[in-house]
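Asker: Got a sequence here, can you model it:
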Amino acid sequence: MIAAFIHIVYVISLIIYINKIFLEADAEWDDVTGVRHSPPTDKKWLCIIGTCLIYPLVYDVTQAFKQGSDYLKDVWNYMDMTHLSLGYFNIFC
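Answerer: Okay, here's the model as predicted:
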């Protein structure tokens, strides 16, 4: 239940962040180059997104230590690693 709640908060936060930064009409257009300039990043939402990724990170690291090399035999663990890696990469970018 805790993991499901944290994942729901993560998804909702990510949706709000993407909408706020990339989709809202607050962006400015450069008339000369035709390039869209998005508003600056909102660090509050990035912190919320990063915090929501801590629980699955701790869970997967704990699972990897308990299972040892068997952790890498399950395909779903690669999905988890990809999810976490891309989540933190998104915050970094």
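
Asker: From here on, just use CA atoms for contacts and neighbour counts.
Answerer: Fine.

Asker: Determine the set of other helices and strands touching the helix or strand where residue 84 lies.
Answerer: Residue 84 is part of helix 75-92 when elements are defined by DSSP states H and E. Contacts defined by 3 or more C-alpha pairs under 8 Å, 6 or more residues apart in numbering; DSSP states H and E place helix 75-92 against helix 43-52, helix 54-67.

Asker: quick one: contacts of that helix?
Answerer: The contact list for helix 75-92 (C-alpha atoms under 8 Å, 6 or more residues apart in numbering) reads 46, 49-50, 53, 56-57, 60, 71-72.

Asker: Residue 53 - how many residues pack around it?
Answerer: Counted with other C-alpha atoms under 10 Å, the neighbours of residue 53 add up to 19.

Asker: Now do the contacts for it.
Answerer: Neighbour list for residue 53: 10, 84, 87-88 [criterion: C-alpha under 8 Å, 6+ apart].

Asker: can you list the weak-confidence ranges in this protein?
Answerer: Along the chain, segments meeting pLDDT under 70 span 25-27, 29-31.
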